[in-house]
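Undergrad: With the input below, show me the fold.
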Amino acid sequence: MQPFQKSLMAITLTSLLSGTAAADQAETKGGLKITSDDGNFSASLGGRIHFDTYLFDTDIEDPVSTTEFRRARITLKGNIYDWGYVLEQDFAGGDTHSGFRDVFLSHKFLNGEVRIGQFKPFRSMAEMTSSNELTFLERPFSSATGLYDGNQFQQGIGWTGVMDCFTMGMMAFNLRDASTPRNEGVGAAGRLAWHPINTDLATFHMGTSISFENANQNSSDLTAEADYAGRRGPSQLMAVTPGDLGGHATTAALELAGSYGPLYVQSEYTVGGFDGDYYVSEAEFEDWYGAPTPFACDPQFGCYIADQNVHTWYVQGSWMITGEHKKYSTKRGAFGSAKPAGTGLWGGAWELTARYDTMENRDIQNLQASSTTIGLNFYANRNVRFMANFIFGDDDFTGDGTNQFGLRAQVNW
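TA: The predicted model follows:
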């Protein structure tokens, strides 16, 4: 950022604080932060830009190869006396409400903080990993891009904190974010992570989480989907609990992860239950799932959908070719990116990655999809990264085998 631009932004933020206290300290190291002279007010400005390219090797499905801004966020956060705040807008999300991400107030409590507003429910190690720190272009199926489809950020109240070698979080929420209709659906989620070993050389992590979502008046459907060929590729619906029927969806997950030197591995196994007990027509079933029913339907009532059990798991890992070590965040209970030592080709760090990811509905025959990903990441410096993913998709239900080659140019500050 040029000195003039930094100065202009500093003046703008200073003016916001000047009504109460004069700002006498401005920091620009790694970003921009303004603090009032008495320390009662602060504001810092951050952001991220993720620009993606998707090239498809099509099969039965025929997705469009394209480019997009996966994320283009500005984040304002700070404190007002002993209360914290976060206001994050993703301009790639569409209109203002659709772009809201973390938007909440916080207050320190019991070695952690209470949050009120919109943020992520505490479930899934993959969800707790920042998008700036992801090992691959997209999260696995055990996240809001799969099992918790469309329910990444929710509105409610929660607490998260660290006690000794445990990271904990819990949240009670309304089944909506800022862009979805007002409704009476409710949910709750909680996560516990244990890191008995966490040194500069090695980390060992175990965790578990549970989630409950209960649809009610005006609630959207509770669904699980598998984007088996990457973002903007074909998607296989795995389970549906219609929002207008007042059913619920529950999940329970186990996590196991670790790192040693330049090596890292992470895995999760999640079991989900989706309420059924409803009928759909054969045409509607094929429209939803992309293939005819594998079971007989009643000629009068249609195809009966019972309660559905969904299992999803993944194993992913990486090798820092240039020798760096992935750091573990005790605050999130998740791994972050390695920081380049400056000894690799072009002065950056190189990472070789691989993942196998699968999801299966065990109550509908052959309803399973999986993806295998091989990737290479280049960290030009602490804030700039380039990623390449080869994704090999496989949909057992429809027989589709679409693949994707994905690229990302990323900067964050």
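Undergrad: Quick check: chain neighbours aside, which residue is closest to V162?
TA: Spatial nearest neighbour of V162, excluding adjacent residues (C-beta to C-beta, 6 or more residues apart in numbering): T330 at 5.2 Å. (C-beta placed from N, C-alpha, C; glycine too.)
Undergrad: give the contact list for the one you found.
TA: With contacts defined as C-beta atoms under 8 Å, 6 or more residues apart in numbering, T330 is in contact with 162, 165, 167, 195, 198.
Undergrad: Measure how buried the second one is and give me the count.
TA: C165 has 13 neighbouring residues, counting by other C-beta atoms under 10 Å.
Undergrad: can you tell me how far it sits from T330?
TA: Taking C-beta to C-beta, to the nearest Å as the measure, C165 and T330 are separated by 8 Å.
Undergrad: same deal with the last one?
TA: With distances defined as C-beta to C-beta, the gap from N198 to T330 amounts to 7 Å.
Undergrad: Which helix or strand contains the one residue sitting closest to the centre of the chain?
TA: Compute the mean C-alpha point of the chain, and by C-alpha atoms, centre = their mean the closest residue is E127, 4.0 Å away. Assigned by DSSP states H and E, E127 belongs to helix 125-128.
Undergrad: now that helix: mean pLDDT?
TA: Summarised as a single mean, pLDDT over helix 125-128 is 97.
Undergrad: Figure out how far it is from the centre of its chain.
TA: Relative to its parent chain, helix 125-128 has a centroid offset of 6 Å by C-alpha atoms, centre = their mean, to the nearest Å.
Undergrad: Tell me the helices and strands packed up against the helix or strand following it.
TA: Helices and strands here follow DSSP H and E; after helix 125-128, the next one along the chain is strand 154-163. Under the contact criterion of 3 or more C-beta pairs under 8 Å, 6 or more residues apart in numbering; DSSP states H and E, the helices and strands touching strand 154-163 comprise strand 112-119, strand 166-174.
Undergrad: quick check: angle from strand 154-163 to strand 166-174?
TA: Here strand 154-163 runs at 160 degrees with respect to strand 166-174, directions being taken by axes from the mean of the first three to the mean of the last three C-alpha atoms, to 10 degrees.
Undergrad: For E133, see how far away S106 is.
TA: 21 Å.
Undergrad: related to what we said a few turns ago, what I need now is the contacts of T330 written out in JSON lines, including pLDDT and distance to T358 for each item.
TA: Rendered in JSON lines, the data for these read as follows (pLDDT from 0 to 100; distance: C-beta to C-beta, whole Å):
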{"residue": "V162", "pLDDT": "97", "distance to T358": "32"}
{"residue": "C165", "pLDDT": "97", "distance to T358": "31"}
{"residue": "T167", "pLDDT": "98", "distance to T358": "27"}
{"residue": "H195", "pLDDT": "98", "distance to T358": "27"}
{"residue": "N198", "pLDDT": "97", "distance to T358": "29"}
